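1. I'll drop the sequence and a predicted model, then ask my questions.
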Amino acid sequence: AYAKNKGKEFYINPKNEIVVPPIYEELALFSEGILCAKKKGKFGFINNEGKEIIPFVYDYPSYFWQNKLCVVSKNKKYGVINLKGETVMDFVYKSIKNPRKDNILAASLNDKYAFFDITGKRLTDYSYDDVICDSNCNYLFINDVAIAKKGYKFTLINKLFSPIFENNEFDSISVFDTFS
């Protein structure tokens, strides 16, 4: 269970034993078996025994999702790390969208988005002004279709990053259906 005392956050087990010591300014929920924590103004990751497994060097963390990746920031730039703390995408991006359940990410460089796979390989040019996640950011692609914005128009693209209609520019658009 999560607990807080005297400004420090920690976890205790059902026997009321401290399993993550009260030395952290902030603790998140466990995600993929590890816990994001804040110590001395920086974020890092610990295991369920409180042992540091990824150093406390990040300004901002997200969570590790099913694709085993986490978006983190250093010096106001975003990058992506894996569960070992290895950099998968360099810290050069203004924004990165890492959906909880997709194996495709979108990153913004110079105010344009490109798509990437989970190894950090860029799959498209930086040609989109925005890439739209579903409301919970579970997916970029819903029913194998993503919504991307170019200028003031929206377009639907498939997983090969091609338009799915000939006349593929819309003032407004939503996905075809909820998840099947």
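-> On my side now, so go ahead.
2. starting at the chain centroid, how far to the least confident helix or strand in the chain by mean pLDDT?
-> The helix or strand of the chain with the poorest confidence is strand 26-31; it has a mean of 86 (mean pLDDT, DSSP states H and E). Computed by C-alpha atoms, centre = their mean, to the nearest Å, the chain-centroid distance of strand 26-31 equals 15 Å.
3. dump the residue contacts of Glu9.
-> Going by C-beta atoms under 8 Å, 6 or more residues apart in numbering, Glu9 touches 2-3, 22, 24-27, 37. Yep, even glycine has a C-beta here, placed from its N, CA and C like the rest.
4. whoops, I mixed them up, Met89
-> Taking C-beta under 8 Å, 6+ apart as the contact definition, Met89 lies against 79-80, 96, 105, 107, 116, 120.
5. pretty sure Leu69 contacts Asn82?
-> Yes - with contact defined as C-beta atoms under 8 Å, Leu69 reaches Asn82; the gap is 6.1 Å.
6. quick one on the thing from earlier: which of the contacts of Glu9 lies closest to Ile12?
-> Ala3 (5.5 Å; C-beta to C-beta).
7. still on that earlier bit, more neighbours: which of Leu69 and Asn82?
-> Higher neighbour count among Leu69 and Asn82: Leu69, with 24 against 17, using other C-beta atoms under 10 Å.
8. need the contacts of Met89 in TSV (columns: neighbour count and pLDDT).
-> Listed next are the contacts of Met89 as TSV, based on neighbours: other C-beta atoms under 10 Å; pLDDT from 0 to 100:
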residue	neighbour count	pLDDT
Gly79	20	96
Val80	24	95
Ile96	22	93
Leu105	26	92
Ala107	26	96
Phe116	22	95
Gly120	16	94
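9. show me those that map onto strands.
-> When these are checked against strands (DSSP state E), the matches are 79-80, 96, 105, 107, 116.
10. hang on, the earlier thing: got any residues that touch both of Leu69 and Asn82?
-> With C-beta under 8 Å, 6+ apart as the test, Leu69 and Asn82 both reach Val88.
11. ok, so of the contacts of Met89, who is nearest Tyr152?
-> Using C-beta to C-beta, Ala107 comes nearest to Tyr152 of the contacts of Met89, at 21.9 Å.
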